[in-house]
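**Student:** build the 3D model from these lines:
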Amino acid sequence: MSDRRELRLITFRVGPETFVLDIMAVRQIVPYAGSTSVPTAPEFIEGIIVLRNEVIPIVDLRDRLYPGMDRRLAEPLVLITHTSAGFIGLKVDEVRRIVNVNSDAFLTPPDIIRGIRGELLIAVVPHGEEIYLLIDVENVLTEPEKQQLREADLSVESVTAR
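**Tutor:** Modelled structure (predicted):
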């Protein structure tokens, strides 16, 4: 018997596709009003924002998922999530809605569609007429990138002193 449970998933668009995350992985959603570049930050960090006196590194999911795609977005949003490297902000094109899905509806993606960043894709989630791609927030950054982020001094005190 399967371990069936209902999950609340937040749906969001990056480029041409709609992705989902477990709503419990998202701390907050904020409008993207730009970020501050930090010269010593790792290359994969677009910049930082300060939210509730906490420095949040921003990762542009469009760059991670679709390298080379046009980056101009009308009104992107940032999903504040927590990973083993701390809080990160995921810049997305649009947040759509929250859906309830039974975990037994999740389908394992075939290896052939997983691609070079395939570790991000956990499942294909059919829901009504839609097909969502469930990503693993823990794998947005590789282990070496997480280590770089842990070692980067992006504290409020450090960043404001620069």
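
**Student:** nearest spatial neighbour of I56, chain-adjacent residues omitted?
**Tutor:** For I56, ignoring the flanking residues on the chain, the nearest one in space by CB to CB, 6 or more residues apart in numbering is G89 at 4.7 Å. Where C-beta positions appear, they are placed from N, C-alpha and C, glycine not excepted.

**Student:** likewise L21?
**Tutor:** I10 (5.5 Å).

**Student:** mind checking the SS state of the one you found?
**Tutor:** Under DSSP: H, G, I helix; E, B strand; the rest coil, I10 falls in the strand class.

**Student:** and it, how many neighbours?
**Tutor:** Neighbour count for I10, taken as other CB atoms under 10 Å: 20.

**Student:** isn't it up against V101?
**Tutor:** No: between I10 and V101 there is no contact under CB atoms under 8 Å: 11.3 Å.

**Student:** now the common contact residues for the two.
**Tutor:** V20 (CB atoms under 8 Å, 6 or more residues apart in numbering).

**Student:** quick one: the strands in the protein?
**Tutor:** 6-14, 17-22, 26-31, 47-51, 54-60, 77-83, 86-92, 94-102, 121-127, 130-135 (DSSP state E).

**Student:** what pairs with the residue lying closest to D22 once chain neighbours are set aside across the strands?
**Tutor:** Of all residues not flanking D22 in the chain, L7 sits nearest, at 5.8 Å (CB to CB, 6+ apart). Beta-bridge pairing for L7 (DSSP bridges): V101.

**Student:** can you tell me which residues contact L7?
**Tutor:** L7 touches 22-23, 100-103, counting by CB under 8 Å, 6+ apart.

**Student:** repeat for H127
**Tutor:** By CB under 8 Å, 6+ apart, the neighbours of H127 are 99, 101, 105.

**Student:** which of the residues you listed are buried? Put it as a ChimeraX command.
**Tutor:** The buried residues among the contacts of H127 can be selected in ChimeraX (16 or more other CB atoms under 10 Å) with this line:
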select :99,101
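
**Student:** just put the contacts of H127 in TSV and tack on distance to L61 and pLDDT.
**Tutor:** Listed next are those as TSV, based on distance: CB to CB, whole Å; pLDDT from 0 to 100:
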residue	distance to L61	pLDDT
V99	19	97
V101	21	95
A105	23	93
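
**Student:** now tabulate the contacts of H127 in CSV and tack on distance to S84.
**Tutor:** Shown next, in CSV, are the contacts of H127 (distance: CB to CB, whole Å):
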residue, distance to S84
V99, 27
V101, 25
A105, 27
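
**Student:** coming back round to it: please work out how many residues are found near the residue nearest to I56.
**Tutor:** G89: 27 surrounding residues under other CB under 10 Å.
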